[in-house]
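> sequence plus the predicted model coming up.
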Amino acid sequence: MVLPPEGAKVAPSLGAKRRVTPITEHEVALGYPYIGCPMKKKMLLVLLGISIVFAVLAIYASMQVRATPDERARTLAGDDLIPQPIGSVNHAITIRRPRHDVWPWLAQMGSDRAGWYAYDFIDNGGHRSAERIRPDYQNIHVGSVFPALPGAKDVFVVAQCEPERSLVLSWRLPSGQYQTTWAFVLEQPQPDQTRLIVRGRVASGYRPYGLPEWLAVRVGRLAHFIMQRKQLLGIARRAERYDRR
């Protein structure tokens, strides 16, 4: 076969006709290659799959520490300190240990103490929360201080305390008004089982870092869920694995 010289134009055969399709017409009209529907469908399927994965993870995370409707509706210790909150969050977890095995982990909470059992790089200066019961932090009472962060001036103070039944931490304004309460309530539905219910409440005027109140409540609810879930799982793991002997 003899090839034509470089640059030579080859005339189409007389019988040859260019095939025109709707796609080629579309390409010519737009001036760029046409992206077919299969590619778009693949992209949509990928995005849908990612969305489903995140939704499942969020639901699973929530179910791990979800309070029941009855637990959310009932009156708990500390509710009287902020009778009309502008925001409230409720979480709970079942721990396969009696109350007296769970209480010590609550009594020793606090930064610069045994830690908060959550994300230590955030709330404990990077120091790992205790994996054992600390006898030196067990003697608590109303007025005991649980530092929120290492060296922080804003601290949680014990507002109410009933050993092995409830612990209410609070943060008060200089005026003495309760701005937030954080209640830990222990119920024992069975001899070897504890239901740990946690409720956080905020009063009017809640504006951390100068945020508008409506935004602070919404951001606070999300932040509380992230930290509270980690904390409850941490307490349950420690209490169930720890041998007090």
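Ah, there it is.
> what helix or strand does the spatially closest residue to residue 87 that is not a sequence neighbour sit in?
Using C-beta to C-beta, 6 or more residues apart in numbering and skipping residues adjacent in sequence, the residue nearest residue 87 is residue 217, 4.2 Å away. C-betas here are computed from N, CA, C, even on glycine. In this assignment (DSSP states H and E), residue 217 forms part of helix 213-241.
> check which helices and strands that helix is in contact with.
helix 37-64, strand 87-95, helix 99-107, strand 193-202 (3 or more C-beta pairs under 8 Å, 6 or more residues apart in numbering; DSSP states H and E).
> and the ones you listed, which one's lowest on average pLDDT?
Averaged per stretch, pLDDT over those is lowest on helix 37-64, reaching a mean of 61.
> following the chain onward from that helix, which element is next?
helix 69-73.
> quick check: mean pLDDT across that next one?
Averaging pLDDT along helix 69-73 gives 95.
> list the contacts for residue 93?
Contact partners of residue 93, counting by C-beta atoms under 8 Å, 6 or more residues apart in numbering, are 64, 65, 195, 196, 232, 233, 235, 236.
> where does pLDDT dip in this protein?
Applying pLDDT under 70 to the chain flags residues 1-37, 44-63, 244-245.
> got the domain ranges for it?
What automatic domain parsing lists as the domains of the chain is 22-64, 69-241.
> tell me which of the ones you listed is the most buried.
Most buried of the domains of the chain, by mean neighbour count (mean count of other C-beta atoms under 10 Å): domain 69-241, with a mean of 17.
> does the residue nearest to residue 87 touch residue 203 like I think?
No - using C-beta atoms under 8 Å, residue 217 is not in contact with residue 203, being 10.9 Å away.
> mutual contacts of these two, please.
Taking C-beta under 8 Å, 6+ apart as the contact rule, residue 217 and residue 203 both touch residue 86.
> hmm, back to that, need the max-distance pair from the contacts of residue 93.
Greatest spatial distance in those: 195 and 233, 14.8 Å, computed using C-beta to C-beta.
> longest strand anywhere in the protein?
In the chain, assigned by DSSP state E, the strand with the most residues is strand 178-190.
> given that one, what are its sheet partners and their directions?
The strands that strand 178-190 pairs with in its sheet are strand 166-172 (antiparallel), strand 193-202 (antiparallel) (by DSSP bridges).
> thanks a lot, see you next time.
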